[in-house]
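Asks: Got a predicted structure plus its sequence, pasted below:
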There are 2 protein chains.
Amino acid sequence: MEKDTNFNEWYNDIVEKAGLSDKRYPIKGMNVWTPYGWKIMRHVDTYIRKELDATGHDEVCFPLLIPETEFKKEKDHIKGFDSEVYWVTHAGLNELDVRLVVRPTSETAMYPMFSLWVRSHTDLPLKIYQIVNTFRYETKQTRSFIRVREIHFFESHTCHATEEDAQRQVEEDFEILGKIMEQLCIPYSLLVRTEWDKFPGAYYTVGLDTAMPNGRMLQIGSIHHYRTNFSIPYNITYEDADGEHKHAHQTTYGMSERLVGAIIGVHGDDKGLILPPPVAPFQAVIIPIISKGNAEPVLKEANKIRDVLEKAGIRVKLDDRDERPGSKFYDWEIRGVPLRLELGMKDIEKNVVTFVRRDSGEKGTISSEDIVPGVEMILEIIREGMFAKAWKQQKENVADIDSLKDLPERTLRFGWCGSEECGHRLEDENNLKLLGTPYIPEKFKGKCIVCGKPTEKVAYAARSM
Amino acid sequence: MEKDTNFNEWYNDIVEKAGLSDKRYPIKGMNVWTPYGWKIMRHVDTYIRKELDATGHDEVCFPLLIPETEFKKEKDHIKGFDSEVYWVTHAGLNELDVRLVVRPTSETAMYPMFSLWVRSHTDLPLKIYQIVNTFRYETKQTRSFIRVREIHFFESHTCHATEEDAQRQVEEDFEILGKIMEQLCIPYSLLVRTEWDKFPGAYYTVGLDTAMPNGRMLQIGSIHHYRTNFSIPYNITYEDADGEHKHAHQTTYGMSERLVGAIIGVHGDDKGLILPPPVAPFQAVIIPIISKGNAEPVLKEANKIRDVLEKAGIRVKLDDRDERPGSKFYDWEIRGVPLRLELGMKDIEKNVVTFVRRDSGEKGTISSEDIVPGVEMILEIIREGMFAKAWKQQKENVADIDSLKDLPERTLRFGWCGSEECGHRLEDENNLKLLGTPYIPEKFKGKCIVCGKPTEKVAYAARSM
């Protein structure tokens, strides 16, 4: 398994060997979440819920199916999704009068209800979210967590009185993003997508992109400001304090199971997964080191340490299988457990536990009395270290270029005059995707890389995953 | 809202007024889970996960869509579901080669994968579950949580080496059931369904039924023993210790959002919902009793108590809206908050908090210093009281009958010779559903209520919800 030389093969191999997902399900791109992978996803969801709840979002669950009549109300939106939705046309032995779309995203399911829920300015802001699966008929090659046809994701939807309030929501979304990513140890860029690449129906879209080791950028989520583009066709209006009826301003924010794909790609190494401690199904694994005659005292102490750590809320596994320690090390390295605790007679005599960090390979000992604060501290150091290293990679991956010749396999940064013509030429002639312009402005003075006109606008591009 | 005189109207009214679900979604029977209702469902799910995890079940997530070719492998199964499944026939602008069923239950999604996962006797038992939404094209009148077309549920699926192992799993399922129901305060009967009413493809089915106040029985879940009925068509085999290849024995267990319907129906009263403390979004609500000039000290103390309770892990809401206390009482009674805490200057002077139990109306005081253990104790007393009262109702609802004349609106218990002919006659001529025979045998000596033959078999019937 060589990550640097063949990232794609390495990735597929890890997903299979670590038991994250089974892609042998008889529909291509619809994979089975096996227990280990699903546990990681559910820990990710826990942090998403925590941050959305803390900012006053209410969790709801909307129906999966959307009547075609509702789906078609916003014209750009349906144009954007027409070729990639699944249609339910029959129920039982009957053909349906109105066909039903299997949710590709829930604007068109939610907004007819929002028009009933939002009446007065006192109903605003309305902030809701749901964590569900969504469906896209992908025609490109599928890949676990990264390009699938059934996608686990969260989507938050908000309504506001004014464009400025909606804009403040976008800013809050960035704060939420920051807090979630601290736990997942995933860095990101905030890039305002081009007009031709924004979400169908949006006023503007900010793409959230993470650099993968092969130099490509993985879009892990997006934040959209809709202005009144949906509230007009869906008739979401409120009465303001003066009795005037106005259309609500809306935003949405979503991230998907690609977060799991990013965790794999950003952190893994040739030995397997490396999981950030906050989302690891097991944060520590205890391996008893047994030699002749000492099985009983070693296992007794190992069980004691497991109980103490478990009681403190640390997710810990005692691997007492009848196997060689080396083979256990190998198994848990593949599965990315952040911290290995080894315990043999020598450790017990010295009243310590030996630890090995999965991220750095660093080895040391913790005094048995301080096992809880010791493990907690090392897990936190691992988390911080993984996050810092990932940000460094994300930044180093950017290459400033002033010519389109001999493009490196990295994220490219360059001057762009901002014209659609130059944008399309850049993409078509170089097999690149123009990711957009930085949401947080970056100082730049140079020339458009396509037409050569002087510009102060900088843009990013990369090959897409 | 009169529960006794018009249960159906009362039920619909409560669902709407307590904000549990919004049925104005533009597809009949597919309702929106609004925040309060979804919180209750998620607490129910938490207890389900807890008990399934504790008994060695692994959580997974299987795809929603099932190819028609897989769906049709077990003949009784497809016959049972043919008239009530949704079909995806198109994706994007293309017609699919193989139509896809939207999961009505996941046997046919899971078992092709089980045939890959189960190889050797060391892979057994295989015990997995998922919590997902499932879809049935209901043609009868729909009702929130009780008869809907998109159903939130859990399903556990197991594979075992022998029929006896599978039978032990059924027994473990009853233990799991008991522990969940203690928290939800819902009583239940275990009735072995008739041959013509068992799950399509099952060897036998045990229905889990709860009596509703109108005398009808609500099936809240079921447990099935499949023997090898599915493992043969799906080719789920294992190599035993002797190298022989055998078919696995399987079971399943599922309960749905009907649990929420049962909570509403069993516990509610004319004032609204009464929620069991373990699943209540707010277990206690604090109402400050403010009169002229004392808003500040009362609110300060109320905030303090809220913080103390919250820190102790109690789900508490401080209702500091600018409304009359009576109107707040009314709101939280509708929403079923188990415990109301009132706090005025008199309470503060006496260093107490006044409490009112939602279930019994009982009033008293708790010393402010003991607020955490005091609230915890009362919540536990409420839970025990609600569970005991509900079991009493469940038992009192059963009427022993020896004639089919003037049937009471209750669950009926009577002798049955066991013949299909008498069973069908009983159902057809009396507009009843034969619920089956008790899983735990009940002593009986009498006559078949239809043909009059002597029998030692007792059966139950009721009008269905």
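Replies: Everything's here; your move. Residues are numbered from 1 along each chain as shown, chains lettered A, B, ... in the order given.
Asks: List the residues that contact residue A:225.
Replies: Residue A:225 sits next to A:166, A:167, A:170, A:202, A:203, A:204, A:249, A:251 when contact means Cβ atoms under 8 Å, 6 or more residues apart in numbering or on different chains. C-beta here means a position set from N, CA and C on the backbone, and glycine is covered the same way.
Asks: From chain B, how far off is it?
Replies: Residue A:225 is 24 Å from chain B, where distance means Cβ to the nearest Cβ, to the nearest Å.
Asks: Can you verify that residue is assigned to a strand?
Replies: Yes - the assignment for residue A:225 by DSSP: H, G, I helix; E, B strand; the rest coil puts it in a strand.
Asks: Any idea how many residues pack against the residue lying closest to it once chain neighbours are set aside?
Replies: Leaving aside its chain neighbours, residue A:225 sits nearest to residue A:203 (4.9 Å; criterion: Cβ to Cβ, 6 or more residues apart in numbering or on different chains). Counted by other Cβ atoms under 10 Å in any protein chain shown, the residues lying close to residue A:203 total 17.
Asks: Let me know whether residue A:203 touches residue A:223 as I believe.
Replies: No - at 11.7 Å, residue A:203 does not count as touching residue A:223 under the criterion of Cβ atoms under 8 Å.
Asks: give the contact list for the closest residue to chain B within the stretch 251-400 of chain A.
Replies: Using Cβ to the nearest Cβ, the single residue of the stretch 251-400 of chain A nearest to chain B is residue A:257, 10.2 Å away. Residues in contact with residue A:257, defined by Cβ under 8 Å, 6+ apart, are A:41, A:145, A:148, A:151, A:152, A:153.
Asks: What separation do you get for the residue nearest to residue A:225 and residue A:76?
Replies: Counting by Cβ to Cβ, to the nearest Å, the gap between residue A:203 and residue A:76 amounts to 11 Å.
Asks: next one: residue A:134
Replies: With distances taken as Cβ to Cβ, residue A:134 is found 19 Å from residue A:76.
Asks: More neighbours: these two, which one.
Replies: Neighbours around residue A:134 and residue A:76, counted as other Cβ under 10 Å, are more numerous at residue A:134. The numbers are 18 against 14.
Asks: ok, and does stretch A:145-163 reach over to chain B?
Replies: Yes - among the residues of stretch A:145-163, A:150, A:152 lie within reach of chain B under Cβ under 8 Å from any Cβ of the partner chain.
Asks: quick one: that stretch to chain centroid distance?
Replies: From the chain centre to the centre of stretch A:145-163 is a distance of 12 Å (Cα atoms, centre = their mean, to the nearest Å).
Asks: Buried by neighbour count: which residues of it qualify?
Replies: Judged by neighbour count using 16 or more other Cβ atoms under 10 Å in any protein chain shown, the buried positions of stretch A:145-163 are A:145-161.
Asks: for chain A, which spans come out with low pLDDT?
Replies: Regions of chain A meeting the criterion pLDDT under 70 cover residues A:1, A:464-465.
Asks: What helix or strand is the nearest residue to residue A:39 once chain neighbours are set aside located in?
Replies: Setting aside the residues directly before and after it, residue A:39 is nearest to residue A:281 in space (Cβ to Cβ, 6+ apart), at 3.9 Å. Following DSSP states H and E, there is no helix or strand that holds residue A:281.
Asks: who's in contact with residue A:281?
Replies: Taking Cβ under 8 Å, 6+ apart as the definition, contacts of residue A:281 comprise A:36, A:39, A:40, A:43, A:275, A:315.
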